[in-house]
Structure formats: structure tokens, C-alpha cells
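S.K.: could you work out the structure for the sequence below:
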Amino acid sequence: MKLAVWTYEGPPHVGAMRVATGMRSLHYVLHAPQGDTYADLLFTMIERRNQRPPVTYTTFQARDLGSDTAALFKRATQEAFDRFAPQAMIVGASCTGELIQDDPAGLALALQLPIPVIPLELPSYQKKENWGAAETFYQLVRHLVKARAQAKPQHVTEPAAESSAEYPAVSSARRPRCNLLGPTALGFRHRDDVKEISGLLNAIGIDVLTVAPLGADPQAISRLVEADFNVLMYPELGLQAAQWLQKNCAQPFTKEIPIGIKGTQRFIDEVAVLAGLDLDPSQIESLSAAARSGWYARSVDSNYLHGKRVFVFGDATHALAAARMASEEIGLQVVGIGTYSREWAREIRSLAERLGAVALISDDYLEVERAIDELQPELVLGTQMERHIAKRLRIPCAVISAPVHVQDYPSRYSPQMGFEGSNVLFDTWIHPLMMGLEEHLLAMFREDFEFHDGQSPSHLGTGATQPQSGSFSASQRQGLAENTVQIDLANGTVAERAIQQSANEPIWEVDAEQELKKIPFFVRGKARKNTELFARNQGLSRITIKTLYDAKAHFAR
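M.R.: Numbering: from 1, shown residues only. Down below sits the predicted model:
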């Protein structure tokens, strides 16, 4: 753990809260100081949930440390059970509560409550939020499924069905059924992804038995074994549980993530094998017809998008899928791909090598910013933080992964997965590039005699009053361009100022600066950097228009 201004993931107890908040009739008792209740705002303010998370905090204070904090935890647990009457409870400590070492698991079990009480060991100083969510879901599955198996009467036997060595057989008396594993509260478009994938599975003849943890209760978790296989939607959150179910309950799980047209088609092929279905190719073609993004990417209007340089960063699931879709389906050139999920570094590096891109495994947003600045992409696909970074660097950006802010929890239907998800992704990624082109055209014609800022709107006629332009003299404008004057905003004056210029730092001439403005803003930073590098290498003290075009020719080679 380190002190940072901003982080991609919270501590692991926030991950446990995401699981508990997404479920029904499950309560989380968290041994934490009063300050840790900030986590409620993640769900009520950012995700805009209409109720508080089902979490009871012990909220011990400094004065309580000299007394019995263990008794405080036991009292809070008993009161939570009496008030909320959940089907099951999970108990644990926050990063601060962990330091007290009160053993919440042992204290809760000592109460002998008549419901399952599942202890969570979440090492706050070694692990982070996604790991905490995955571990919480795994412990719920392990305890509740095992408890159901032990409670089943021994004389009851289920009819045996023939099965292969790899997959259990699916009963021919009913449609195949599966579970959807991984979606949680505060997940990026999880609600809409569940709806999209459930509809897709239903269309090919597969029923969804349980979605977990989102929307499930502990009884539903215990019935996961009644499905024929599991669909793993978000590996960071559901892989541990899926592997346990495969090992202990002979339930296979999917490996393909249905993001993008090709990803969704591979997913359909995989679930058809697991469900024992022989799908008609015309049926698949009919379903994929809903994905208009494929045609849009091949259309004439999208030709100028092909080959655009893109940098991708986010959680591993979305970063891997976005990089594949950008490269295989839209024709973008992936120059960098990264994740803050260190557990998935091997997969990220493998895909980066295949795409000829730079791989970045880091949870330091400053390191991510340096990588973006160095690569100078024309589009950034990332998290909320990459949106801020791209804005500072004047690069178009689209959000593809958590963590995100309130505007990325839309009230409309906006999935990332499935065929409709491919349409949403195409629009989300391409619109920033199109708006960037529009802004470039506006900037390009800003000095035109007909369109400049001082020209009155044509519909007002020639006698309309024009806005007052600045009253800087020619020499002052030259000084501003050369960075040798400063503006005193308080007094409204322009004063001469000598700028200490590095001996090897070239100065841009005014006409060269004007020519630079004609370059689209989303690649202008790269052009400026390359030109200055060229000028330094050539020993030039001033950058002229000729220098600008010489640098362009040099780097084009």
C-alpha cells in the first residue's frame, strides 16, 4: 500500500462491499472506524443506487481503543442480525480495523447465529478491490454450495446421466441452463451486460438459472450447482468461483468474453459446445445482423479512421477485448495496451506482442500519463483517469473500464457485451475522433476572412456590431508568440519580460506557430515534439516553416 492522490482500485473491503451491495438478503458487518463509511458514497452518489449498501460499520473511535472493541463488534453483529434478518452474513475488517486484530471471524461465530456467517480474510495492505470482490464471491460460493450439499438427505439420489470425460451431460428433457458469474454492484455496465447476454443465450436456446452475485440471494448461490455450465463474464471477479465449481461440481465455464462482433461469435460457438447444441448458421447470422458496427467500420465514411493510433488501458477484461476489437474489427492501430490488474500481466503482454504494441502493467496513473505522452496516440480508450489525462494532452478519449464517474452509469440501455454492445462501443470510440476532426476544421478556418472571430454572423447583416478584438500591437503579438512578454490580468497591461531560455531549446517563429495550428489538434502535440527534437539535433535556435516541413520529411522516413 502507498499514499497516492488517486488510485485505480480501493482496498479489498470495498470489493466485498460491491458483492454484498449487488446481492439480496446478505449483510456485511465491517469492523471499521467512522471514517471508512465514505464507501457508501460510491454506490449512492456515483452508481446512483436508491438505497444504502447492506453494511453495518462498528464505527469505533479513538476513545474506544482503550476499551473492549471486540465487544463493540459482537454487539454490532447481533444488532444487524436482529434488524435486517438476512439469509447469511459476511464479516471482516477494513484496512484500519485490521490493525486492531480483533478477529471478526471468531467473534461472529461465537454468537452462534442461526444463519451462515462467512468470515473474510482480506489483507488490505497486500491486495486490492477486484481481488477482494473475487475472494468474497469465492467464499460465498464455497460455503453456501458446500452447506447445501451437506444438508441434502443421504437417501435421496439423483438420476445419473451419461457424460463425456470433459463435460457433464445435459438433460434432453429440458433446455440447457447456465449461470452468469462475475457481475457486481459498481461494475462498469454490468447491469446492461447481464440483460444483453441473457437475451442472447435465450435466443439460442439456453436458459439462465442464476446471475451471481448481482441480484442473487444466498439461497440462489447455493443452487448454482443445478446449472449445466457457467458463463464467466468478468474473470477478475468470478474466476476463482468458476474454477472451484468446475473442480468440485464438474461445471465447466466459458473462456471467451463476448465483447465485439468476433468475440461474441466465438462466445456463441463456445456455449453451443458446452450446452450440446447444434446451431443453425442462419440463426447465428440473424442474431449478428443486429451488429451494425461491422458495416459502419467498413463503410466509406469510416475510411479516415483506419490506421488511427490508439492507446488502451483498463481492467484486464475490457482492455484485452477493446484492443482486439480495435485492431480486428475497426482497423485502428493499437500502439499501447495496459492494465492495473497485475494478475493479468501475462495475457496483456502476450496480446501486446502479437499486435506490435507497448505493454504497460501499472497502477500508477502518472506512469500511464507518461506512456500516453510518449506514444502520442490519436485516441485513448481507458478509465476515468485516462479521460482526465487525455483532456490535458488534448487527445480524444472514450471510457471503456472502471473506475468511472457518475456519467458512465447512464439511465439508458448501454451494454458493452454482445452484438448491441459492439454498436455501443463503435459509437463511443468513434464519436470523439469525429468531434476532434470537427474541432480541427473550426480551428483551421478561424483566421479565414469570412469565418474569423471578429466577423459578425452573416444572418445579422453587414451593419451588425462586431466584437472587440484585442488591442495588442504587432510587436506585442510577436512577443506573445515568442514567449517574451507577459499579460498582467489585474491591470490589463502587457509588460515586456525576458524569459530564461535553455541554450539548446529552439524558439518557434510566428509563421511556424501558425502553420503548426493547421495540424489536427489530436496529433499537434506529437508534431511539435518531433519538430523541436529535430531542431535540437540539427543545432537550430529558431524553428521556421521550413524547419517544420523538414522535420516532417525526416520522421516520415
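
S.K.: run through this protein and note the low-pLDDT ranges.
M.R.: Low-confidence segments of the chain, defined by pLDDT under 70: 1-4, 61-68, 97, 99, 147-172, 300-304, 435-504, 521-522.

S.K.: would you map out the domains in it?
M.R.: What automatic domain parsing lists as the domains of the chain is 12-127, 146-288, 293-437, 470-556.

S.K.: what's next to stretch 183-192, contact-wise?
M.R.: Residues from elsewhere that reach stretch 183-192 (CB atoms under 8 Å, 6 or more residues apart in numbering): 17-19, 21-22, 42-43, 46-47, 49, 53, 133, 137, 193-194, 211, 213-214, 233-234, 237, 315, 318, 400-402, 404, 408, 413-416. In short, each C-beta sits where N, CA and C put it, glycine included.

S.K.: try stretch 209-227
M.R.: So stretch 209-227 is contacted by 19, 22-26, 86-88, 116, 137, 140-141, 144-145, 147-149, 177-181, 183-185, 187, 190-191, 194, 198, 230, 245, 249, 251 (CB under 8 Å, 6+ apart).

S.K.: before we move on, back to that, closest one to residue 5 among the domains of the chain?
M.R.: domain 293-437 (8.3 Å; CB to CB).

S.K.: and residue 428, how far is that from residue 295?
M.R.: 17 Å (CB to CB, to the nearest Å).

S.K.: same check on residue 100?
M.R.: Remark: distance between residue 100 and residue 295 (CB to CB) = 60 Å.

S.K.: please say which of the two ends up with more neighbours.
M.R.: Taking residue 100 and residue 295 together and counting by other CB atoms under 10 Å, residue 100 has the greater number of neighbours (18 against 10).

S.K.: the more buried one belongs to a strand?
M.R.: No. Using DSSP: H, G, I helix; E, B strand; the rest coil, the assignment for residue 100 is coil, not a strand.

S.K.: ok, it - contacts?
M.R.: Residue 100 makes contact with 31, 60, 65, 69, 93, according to CB under 8 Å, 6+ apart.

S.K.: one more pass at 10 Å, please.
M.R.: Counting by CB atoms under 10 Å, 6 or more residues apart in numbering, residue 100 touches 31, 33, 58, 60, 64-65, 69-70, 73, 93.

S.K.: again with residue 427
M.R.: Contact analysis of residue 427 by CB under 10 Å, 6+ apart lists 292-293, 296, 398, 414, 434.

S.K.: the strands in the stretch 151-300 of the chain, which residues?
M.R.: Listed in chain order, the strands of the stretch 151-300 of the chain (DSSP state E, counting those that start in this stretch) span 177-181, 207-212, 229-232.

S.K.: name the nearest residue to the residue positioned nearest the centre of the chain, sequence neighbours excluded.
M.R.: The residue lying closest to the centre of the chain (CA atoms, centre = their mean) is residue 401, at 1.1 Å. Spatial nearest neighbour of residue 401, excluding adjacent residues (CB to CB, 6 or more residues apart in numbering): residue 314 at 2.6 Å.

S.K.: tell me which element residue 390 falls in.
M.R.: Assigned by DSSP states H and E, residue 390 belongs to helix 384-393.

S.K.: so which other helices or strands are in contact with that helix?
M.R.: Judged by 3 or more CB pairs under 10 Å, 6 or more residues apart in numbering; DSSP states H and E, the packing partners of helix 384-393 are strand 309-314, helix 365-375, strand 379-382, strand 397-399, helix 521-538.

S.K.: and if we set it to 6 Å?
M.R.: Applying 3 or more CB pairs under 6 Å, 6 or more residues apart in numbering; DSSP states H and E, we find helix 384-393 packed against helix 365-375, strand 397-399.

S.K.: any chance you could list what contacts the longest one?
M.R.: Contacts made with helix 365-375 from outside it, assessed by CB atoms under 6 Å, 6 or more residues apart in numbering, are listed as 6, 311, 313, 335-336, 360, 385, 389.

S.K.: now swap in the shortest one and tell me
M.R.: Here strand 397-399 makes contact (CB under 6 Å, 6+ apart) with 380-381, 387, 390, 408, 428-429, 432.

S.K.: now a PyMOL select for only the buried ones of these.
M.R.: Entered in PyMOL, the line below selects the buried ones among those, by 16 or more other CB atoms under 10 Å:
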select buried, resi 380+381+387+390+408+429+432
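
S.K.: export the contacts of strand 397-399 to CSV and tack on distance to residue 327?
M.R.: CSV is the format used below for the contacts of strand 397-399 (distance: CB to CB, whole Å):
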residue, distance to residue 327
380, 15
381, 12
387, 22
390, 20
408, 24
428, 17
429, 12
432, 18
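
S.K.: out of the contacts of strand 397-399, which comes closest to residue 13?
M.R.: Nearest to residue 13 among the contacts of strand 397-399 is residue 408, at 23.2 Å by CB to CB.
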